[in-house]
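In: show me how the following folds:
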Amino acid sequence: MAGKARRFASSVWQQDGRAKRVLFARLMAQDAKLILLDEPFSAVDWRTSDQLLRLIASWHQEGRTVAAVLHDLDQVRAYFPDSLLLSRECVAWGPTQEVLVPHNLRRARQMLESWSTEAEDDRRVAALSGAPHLDLLPASGEKEGPV
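Out: Numbering: from 1, shown residues only. Reported below is the predicted structural model:
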């Protein structure tokens, strides 16, 4: 059942970004001063991303605050004047050109790798002890694990 739900959700969000455009239209109608976006450009084509990024830039010009979770550093550099780099905790915060520098990105990667190793160790201990655990949903193409 979980597999069917995941495939359905995936197909809904991969319809040329229509669902994302609807969500952005709602944001436009609300005229909010603070806009929170979580991976707003996932599962959309580059044209849709470009249109939405231009909309976000216009919101910045209007004085609105836009907080977005993004993994495309080129988009962040091009459209977001300030950044908060997180890797389980704050790595750096400030002007994007000062935050997204090699030593901060290296530190974030190291923190992530350290956390991933700790999480794997925790899973091994849980498996040995017979304690129940919850695996995250696999990325596309991966086999489903225990849930």
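
In: how many neighbours does residue 85 have?
Out: Using other C-beta atoms under 10 Å as the criterion, residue 85 is surrounded by 19 other residues. No exception for glycine: its C-beta is placed from N, CA and C like everyone else's.

In: surely it meets residue 92?
Out: Yes: in this structure, residue 85 is within contact of residue 92 by C-beta atoms under 8 Å, at 4.7 Å.

In: next helix or strand past the helix or strand of the chain with the lowest mean pLDDT?
Out: Least confident element among the helices and strands of the chain, by mean pLDDT, DSSP states H and E: helix 2-13 (a mean of 50). As assigned by DSSP states H and E, the chain's next helix or strand after helix 2-13 is helix 18-30.

In: list the buried ones in that next one?
Out: 20, 21, 24, 27 (16 or more other C-beta atoms under 10 Å).

In: may I ask you to confirm that residue 112 is in contact with residue 88?
Out: Yes: using C-beta under 8 Å, residue 112 is in contact with residue 88, at 7.4 Å.
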